[in-house]
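J.: my questions are about this predicted structure, shown below with the sequence.
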Amino acid sequence: MKVLGIMGSPRIHGNTDLLLDQTLKGAQEAGADTEKIKITKVEVKPCLEDYGCAIMGICTIRDDMDVIYEKLLLADIIIVASPMFFYSVPAQLKSLIDRAQAIWARKYLLKQDVSGKKRKGAFIGVGATKGKNLFDGVMLTMKYFYDAIDVEYTDNLLFRQIDQKGEIKDHPTALADAFELGKKLVQS
């Protein structure tokens, strides 16, 4: 079983990164092979909306998404982890999500089977505010991202009022919850 973690924070070794690492450790303990993409370490240009993907299901932009597309389609489980930036994801991660339009085009316009298997996805969100609607927008984004890449969106792990780098370590259950999420995704 292949588990792909997408670390969507520009802050390396911060709260989002720590949570994703624990989730991937849980998945490894449950027997999965894991891989982690750090969005700030890859070049993913924004979508140009030139609709080239509508013709062949392939994006016209050449960058690191060429490799990421394959990883997205081969993974059995995909976990996206992100801080909240104005109730959404950082621009770097949003570019990756927007570029999934090429897979959407294969699935919905070209009627291709994009994965050939049942797959699962989860989202880990970390936000500094305590607002009750903090994750509403991003959960819709994740729902449609996962649908576009033929993944069933099955779980969330959401943390409010976490801001300073490493602050998640002070949360009484966060790291253990992340570890258990990884195990659960692989075992269920």
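T.: Structure received.

J.: CA only for contacts and neighbour counts going forward, please
T.: Will do.

J.: quick check: phi and psi on the residue positioned nearest the centre of the chain?
T.: The centroid of the chain falls nearest to residue 80 when counting by C-alpha atoms, centre = their mean (2.1 Å). Dihedral pair for residue 80: phi -100, psi 130, per degrees, to the nearest 10.

J.: contact partners for it?
T.: Counting by C-alpha atoms under 8 Å, 6 or more residues apart in numbering, residue 80 touches 5, 6, 7, 8, 121, 122, 123, 124.

J.: from those residues, pick the one nearest residue 58.
T.: residue 6 (21.1 Å; C-alpha to C-alpha).

J.: leaving out the residues flanking it, which one is nearest to residue 25?
T.: residue 179 (6.3 Å; C-alpha to C-alpha, 6 or more residues apart in numbering).

J.: checking residue 35 next. Helix, strand or coil?
T.: Applying DSSP: H, G, I helix; E, B strand; the rest coil to residue 35 yields a three-state assignment of strand.

J.: can you give me the strands in this structure?
T.: Ranges of strands in the chain, per DSSP state E, are 2-7, 33-38, 77-83, 120-126, 152-159.

J.: packed most tightly, which of the ones you listed would that be?
T.: strand 77-83 (a mean of 27; mean count of other C-alpha atoms under 10 Å).

J.: show me the two of the contacts of residue 80 that sit farthest apart.
T.: 8 and 121 (14.7 Å).

J.: now for the residue lying closest to residue 106 once chain neighbours are set aside, how many residues are close by?
T.: Leaving aside its sequence neighbours, residue 106 sits nearest to residue 57 (C-alpha to C-alpha, 6+ apart; 4.6 Å). For residue 57, the neighbour count with other C-alpha atoms under 10 Å is 21.

J.: picking up where we left off before, could you dump the strands of the chain to TSV with distance to residue 112 and mean pLDDT?
T.: Listed next are the strands of the chain as TSV, based on distance: least, C-alpha to C-alpha, whole Å; pLDDT from 0 to 100:
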stretch	distance to residue 112	mean pLDDT
strand 2-7	22	98
strand 33-38	26	98
strand 77-83	20	98
strand 120-126	19	98
strand 152-159	17	97
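
J.: among those strands, which comes closest to residue 17?
T.: strand 2-7 (6.3 Å).
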